[in-house]
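> generate a structure from the sequence data that follows.
(one chain, ligands or ions: 1)
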Amino acid sequence: MSHRDRKVVVVGAGAVGTTYIYALLQTGLADEIALIDVNPERVQGEIMDLSHGLPFIPPVTLRAGEYADCADANIIVITAGAKQAPGQSRADLIRQNAQIVRSICGQIGRYPTDAVLVMVTNPVDALTHLAFECLNWPRERVVGSGTVLDSARFKFLLSRHCGIDARNVHAYVIGEHGDSEVAAWSLSHIAGISIEKYCQICQACNCLEPHREIPEPVRDSAYPIIDYKGSTFYGIGLSLARISGAILRDENSVLTVSTLLRGEYGIQDICLSVPCIVGENGVIRIIDVQLAPDEQQALERSAGAIAEILDTVRKQPPSSY
Ligand code: NAD
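All right, here's what the predicted structure looks like:
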C-alpha cells in the first residue's frame, strides 16, 4: 500500500472508538480517519474536539464518515454497541450487540472492499464470528481485538512482579476475551527462558507466585475498572493502535487477535485468540503450537464457552435480532 493509502473507518464514536482514534492520531500512521455513529451529533462533537489537537501531530484528514468510506479503507474498526454495566459479563451483551453488529455489517457489505475488519464490540469473539458470517469475507480479513488487551494486562502484571520493562516480557493470554480466557504460561518467556526459570534465577520471589496470583487479576481486570469509573478505554485504545500499526505497515507482528480456527489447536469453527502473525491482509498465519495439556484443555473449554454464547443468537430467527 502506498503511504497516502492509509485510511481507517471507525464505527462507534463512544469512549473506545474515540480513545482509539486519539491513540492512532499520535502514531501518525493513518492519513485519513472517518468516524461513523448512529448519533451524528456525537460524531460532530468528537471530530471537533479531536481536530483541535491536529496542529500537534502529523497531518491527517479526520472527518465524519459514511459507510461508503469502507470501499477504499484499509481497516474498518467496529466499536459500536452496548458496554458492560457493573456486575454484567461480556457475554450478557450478546443479544443487544448481535443486532447492532448485524445491521452494521449489512451496511459495510454493500461496498466491495479489501479492508481488514477489526471487531472490538463485546462479546468480541462471538461477534467476530457473526461478522465473518454476515460479510462472507476470507477469514484472515475478519479479526477481533481478542486477547491483545488481556495479553498486555498479563505482561504488565508480570513486569511489575519481576521488576522488568513490560516490553521485555513476552506473555500471551489465549482463548476467549472473557471469563474463560487462558494464561498460556508455556508460551510465555523473559529473555528467552520460561517465567518459572527466570524467577528461579532472579530469586527475588517465590517462583510459584506469578502462576498463583497473576492470571485471576488479568482475567477480572475489567470488573473493578467498570465499578470505579464506568468503562475501560485507554488499554483497548492503545491495543487497537498496535493492531492497526501491524496492518497499516504490514509488520507481520505476533498478536493474540481473535480469528476463525479451522482445526488449529484441535478447534473447529470458533473465533478465539491464539498467537497470530498480523500484516496488511489481516491474519497472515495462525501459529499452531502444542500447549501444555492443562492449557489445551482450558482452551477447549474456552472454545465451548464461546460456542454457547454464539448459540444464544443463532437459535433466534434474524427478524428477532
Ligand atoms: P459507548 O457507550 O461509550 O459507545 C458506544 C457507541 O456505539 C455510542 O456512541 C453509540 O451511539 C454507538 N452505536 C450504538 N449502536 C450503533 C449502531 N448501530 N451504529 C453505529 N453506532 C452505534 O461504549 P464504549 O465504552 O465505547 O464500548 C463500546 C464496545 O466496546 C462495548 O461493547 C464494550 O464492551 C467494548 N469493549 C471491548 C473491549 C475489548 O477488549 N474488545 C474493551 C473495552 C470495551
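
> can you name the residues bridging to A64?
L35 (DSSP bridges).

> against the ligand, how distant is it?
With distances taken as CB to the nearest ligand atom, to the nearest Å, A64 is found 12 Å from the ligand. Where C-beta positions appear, they are placed from N, C-alpha and C, glycine not excepted.

> wait, that residue sits on Q44?
Yes. Using CB atoms under 8 Å, A64 is in contact with Q44, at 6.5 Å.

> ok, the nearest residue to L291 once chain neighbours are set aside to the ligand distance?
With sequence-adjacent residues excluded and distances taken as CB to CB, 6 or more residues apart in numbering, L291 is closest to S186, at 5.7 Å. Relative to the ligand, S186 is positioned 24 Å away (CB to the nearest ligand atom).

> SS state for S186?
strand (DSSP: H, G, I helix; E, B strand; the rest coil).

> that one contacts A292, correct?
Yes. Shown here, S186 and A292 form a contact pair, counting by CB under 8 Å, at 4.3 Å.

> comparing these two, which residue is more hemmed in?
When S186 and A292 are compared for neighbours, S186 comes out ahead with 16 against 12, by other CB atoms under 10 Å.

> show me what contacts the more buried one?
By CB atoms under 8 Å, 6 or more residues apart in numbering, the residues touching S186 are S194, L291, A292, E295.

> so among the residues you listed, where is pLDDT lowest?
pLDDT across the contacts of S186 is lowest for S194, at 92.

> so who does it touch?
Applying CB under 8 Å, 6+ apart, we find S194 in contact with W185, S186, S188.

> let me see the backbone angles for it.
phi -60, psi 160 (degrees, to the nearest 10).

> now the longest helix along the chain, how far from the centre of its chain.
What stands out as the longest helix in the chain, according to DSSP state H, is helix 293-314. Distance of helix 293-314 from the chain centroid (CA atoms, centre = their mean, to the nearest Å) equals 18 Å.

> how about that helix as CSV, C-alpha atoms only?
Listed in CSV are the C-alpha atoms of helix 293-314, where the atom choice follows Å, rounded to 0.1, in the frame of the first residue of the first chain:
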residue,chain,number,x,y,z
PRO,A,293,-2.0,-30.4,28.4
ASP,A,294,-3.9,-28.3,31.1
GLU,A,295,-3.7,-25.2,28.8
GLN,A,296,-5.0,-27.3,25.8
GLN,A,297,-8.0,-28.5,27.9
ALA,A,298,-8.7,-24.9,29.2
LEU,A,299,-8.5,-23.6,25.6
GLU,A,300,-11.1,-26.2,24.5
ARG,A,301,-13.3,-25.3,27.4
SER,A,302,-13.0,-21.6,26.4
ALA,A,303,-14.0,-22.6,22.8
GLY,A,304,-17.0,-24.3,24.3
ALA,A,305,-18.0,-21.1,26.2
ILE,A,306,-17.8,-19.0,23.0
ALA,A,307,-19.9,-21.6,21.1
GLU,A,308,-22.6,-21.3,23.8
ILE,A,309,-22.6,-17.5,23.5
LEU,A,310,-22.9,-17.8,19.8
ASP,A,311,-25.7,-20.4,20.1
THR,A,312,-27.9,-18.0,22.0
VAL,A,313,-28.2,-15.7,19.0
ARG,A,314,-28.0,-18.3,16.3
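
> what sits up against that helix?
Applying CB under 8 Å, 6+ apart, the contact partners of helix 293-314 are 91, 94-95, 98, 123, 125-126, 129-130, 174-176, 178-182, 184-186, 261, 265-267, 270-272, 274, 290-291, 321.

> filter these down to the ones in strands?
Counting by DSSP state E, the contacts of helix 293-314 place I174, V182, A184, W185, S186, L261, I270, C271, L272 in strands.
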